[in-house]
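Trainee: What follows is a predicted protein model with its sequence.
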Amino acid sequence: MELWQIRGGRRLHGGCTVQGSKNATLPILAASIVCPCRVELQNVPQLSDVDTALEILRALGCRAGREGERVWIDSRTLSSAAIPHRLMEKMRSSVFFLGALTARCGEAQLSLPGGCQLGKRPIDLHLAAMRQLGCEIEEEGGSILCRSRFLHGCELTLPFPSVGATENIILTACAAQGETVLHGAAREPEITALCRFLRAMGADIVIEASGTVHIRGMSAREHVRFVIPPDRIVASTLCCAAAASGGDIVLRGADPTEISAVLYFLKAAGCAIIHNKRMLRLRAPRRLHAVGELCTAPYPGFPTDAQPLLMAALLRAEGTTRITETIFENRFRQVPQLRRLGADIAVRGRTAEICGVERLFASELTATDLRGGASMVLAGLCAEGETVVCDTGHITRGYDGLDRVLRGLGADVTWKALPSYH
Ligand code: UD1
């Protein structure tokens, strides 16, 4: 069990550097086995999900380790195509190894990724596309056996721009004979990062302006160096934290174009934002305004991952905001917890209506999922008294030292891990 203690009421001020991106790192770690090579990654965030991915790599026979923000992998020694169930169930992102192992070994054996709290999260789109690329896939009692004697490029259209399916297709197609053309691909910056990494590995990948991706196999390189880009959801979290607390912060390393949908609504809420290539400054008024209607959508739309974070910032805004969640069916799990602080939120179907209140009061909350948990920490920043968020490790799956970063910005936040007696 982990405890976050937040004494609200301090306005965030000062500057910080945004950590490396979790959602870029995880598929790139899987991609490191697509061909036998040595990979060196820099700016890798210190997260439990990254540790799990490194454990999976070692279970597959690779050598992998970490020194500070640098991670190295030697995938030349890979000797297995089966991922142990205890590692698969730890993290949903282990599903990327399906495409990566199939590309490398012509085979992958794994169990279905752990059931997640955000909704059903099937992988039917991943499997249908991989079958079109020449895979035979058997699903039985929660395990998947994927085999391919001959992977062949083909023309594919995703009916929905799934991020994970796009990544698995690109990974598999790197080992296919001939060209794969993927229409309807997801356009999240993490997809671009994966393609840049695979290109550094020797893959021939082109992303058209329309979003269509062309993959024409790869001529493997022996050694790859890559710098993980900054995490746009962490940047959004810090902007929302500053907005929630009436703060004035400077972020270094964040790419403002990648978070423009979030910045758009923070501006509408009354924040002043200036940025150049190297830094972004957000100055919030003492009280935000509600922003009317907002819908989550695939990139470049408003990210579902930032929805609970903006919700936390708007709990004390003047007026009413309606947020419609279109990506996941179960992504308002933070709401009953935020209500314990005095928030006025009504949920009808996929829409949450937030009527800003003047004051929030500290309470004891339980983190429900990664971004939902972070939203509770943010709400605690503007609640009166000491808010406690009890967490079973959701928040540290995605944030590298969030307590340290917030303290650096003047917040009164502490984090501690309590011993487990199980
Ligand atoms: C990734 C991100 C996650 C983010 C999400 C949406 C990583 C590690 N995780 O998750 O943080 O919230 O994108 O931006 O990058 N779907 C299907 N069938 C499929 C695949 C997806 O129906 O085969 C549905 C899902 O149930 C969900 C929606 O499509 O409702 C979006 O899922 P997807 O884009 O695949 O998200 P993830 O890759 O799981």
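Mentor: Happy to help now that I have it. Residues are numbered from 1 along each chain as shown.
Trainee: Quick check: residues of this structure near the ligand?
Mentor: Proximity of the chain to the ligand is confined to 23, 26, 93, 119-126, 160, 162-165, 186, 190, 304-305, 327-328 under the rule Cβ under 6 Å from any ligand atom. Using the backbone N, CA and C atoms, a C-beta is placed for each residue, glycine as well.
Trainee: Now, of these, which are buried?
Mentor: When the residues of the chain next to the ligand are checked for burial by 16 or more other Cβ atoms under 10 Å, the buried set is 23, 26, 93, 121, 123, 125-126, 162-165, 186, 190, 304-305, 327-328.
Trainee: if we can go back for a sec, so which of the residues of the chain next to the ligand sit within helices?
Mentor: Among the residues of the chain next to the ligand, the ones falling in helices (DSSP state H) are 23, 26, 124-126, 163-165, 190.
Trainee: what about Asp204, how many residues close to it?
Mentor: Asp204: 14 surrounding residues under other Cβ atoms under 10 Å.
Trainee: the strands in the stretch 1-150 of the chain, which residues?
Mentor: Counting by DSSP state E, counting those that start in this stretch, the segments of the stretch 1-150 of the chain that form strands are 2-7, 13-17, 38-42, 63-67, 70-74, 107-111, 136-140, 143-147.
Trainee: correction: the stretch 151-300 of the chain
Mentor: If you assign secondary structure with DSSP E, counting those that start in this stretch, the strands in the stretch 151-300 of the chain sit at 155-157, 180-183, 203-207, 213-218, 223-227, 248-252, 272-275, 279-283, 292-295.
Trainee: I'd like to know which of those strands lies nearest to Arg322.
Mentor: Ranking these by distance to Arg322, with Cβ to Cβ as the measure, places strand 292-295 first at 5.2 Å.
Trainee: tell me what the closest one is packed against?
Mentor: Based on contacts counted as 3 or more Cβ pairs under 8 Å, 6 or more residues apart in numbering; DSSP states H and E, the elements that strand 292-295 packs against are strand 320-324.
Trainee: now the strand it packs on: mean pLDDT?
Mentor: Rounded to a whole number, the mean pLDDT of strand 320-324 is 98.
Trainee: Name the residues that touch that strand?
Mentor: By Cβ atoms under 8 Å, 6 or more residues apart in numbering, the residues outside strand 320-324 that reach it are 290-296, 307, 310-311, 314, 350-356.
Trainee: Swap in 6 Å and give it another go.
Mentor: Residues external to strand 320-324 that are found in contact with it (Cβ atoms under 6 Å, 6 or more residues apart in numbering): 290-291, 293-295, 314, 350-355.
Trainee: And that strand, how far out from the chain middle?
Mentor: Averaged C-alpha coordinates place strand 320-324 at 23 Å from its chain's average position (Cα atoms, centre = their mean, to the nearest Å).
Trainee: In the following helix or strand past that strand, which residues are buried?
Mentor: Scanning the chain past strand 320-324 towards its C-terminal end, the next helix or strand to appear is helix 335-339 (assignment: DSSP states H and E). For helix 335-339, the buried set under the neighbour-count rule, 16+ other Cβ under 10 Å, comprises 335, 337-338.
Trainee: same question, stretch 292-302
Mentor: Of the residues in stretch 292-302, those buried under the neighbour-count criterion (16+ other Cβ under 10 Å) are 294-296, 298-299, 302.
Trainee: Residues in a beta bridge with the nearest residue in space to Ala352 that is not next to it in sequence, which ones?
Mentor: Among residues not flanking Ala352 along the chain, Ile323 sits closest, at 4.9 Å (Cβ to Cβ, 6 or more residues apart in numbering). For Ile323, the beta-bridge partners are Leu294, Ala352 (DSSP bridges).
Trainee: ok, now which ones touch Met201?
Mentor: Met201 is in contact with 221, 224, counting by Cβ under 6 Å, 6+ apart.
Trainee: So what does the closest residue to Pro308 other than its chain neighbours have for phi and psi?
Mentor: The shortest distance from Pro308 to any residue other than its chain neighbours is 3.7 Å, reached at Ser375 (Cβ to Cβ, 6+ apart). Comment: the main-chain dihedrals of Ser375 come out as phi -60, psi -30, following degrees, to the nearest 10.
Trainee: quick one: contacts for Ser375?
Mentor: Residues counted as contacts of Ser375 (Cβ under 6 Å, 6+ apart) are 308-309, 312, 334.
Trainee: Pick the one among those closest to the ligand.
Mentor: Of all these, the one with the least separation from the ligand (Cβ to the nearest ligand atom) is Pro308, at 10.8 Å.
Trainee: now the host helix or strand of that closest one: mean pLDDT?
Mentor: The secondary structure element spanning Pro308 is helix 307-313 (assigned by DSSP H and E). Over the span of helix 307-313, the pLDDT mean works out to 98.
Trainee: Just list what that helix packs against, helices and strands only.
Mentor: Contacts of helix 307-313 with other secondary structure elements, assessed using 3 or more Cβ pairs under 6 Å, 6 or more residues apart in numbering; DSSP states H and E, are made with helix 232-244, helix 370-381.
Trainee: Ok, which of those helices comes nearest Leu54?
Mentor: Go through the helices and strands packed on helix 307-313 one by one with Cβ to Cβ and the one that ends up closest to Leu54 is helix 370-381, at 19.0 Å.
Trainee: since we're on Thr192, how many residues are nearby?
Mentor: Thr192 has 15 neighbours, counted by other Cβ under 10 Å.
Trainee: For it, give me its contacts.
Mentor: Shown here is Thr192, which makes no contacts under the criterion Cβ under 6 Å, 6+ apart.
Trainee: any idea how far it lies from Ile205?
Mentor: Using Cβ to Cβ, to the nearest Å, one obtains 10 Å as the distance from Thr192 to Ile205.
Trainee: ok, now Cys239?
Mentor: If you measure Cys239 against Ile205 using Cβ to Cβ, the figure is 31 Å.
Trainee: So for the two, which sits in the more crowded spot?
Mentor: Cys239 (28 against 20).
Trainee: how about the nearest residue to the more buried one, chain neighbours excluded?
Mentor: Leu282 (5.2 Å).
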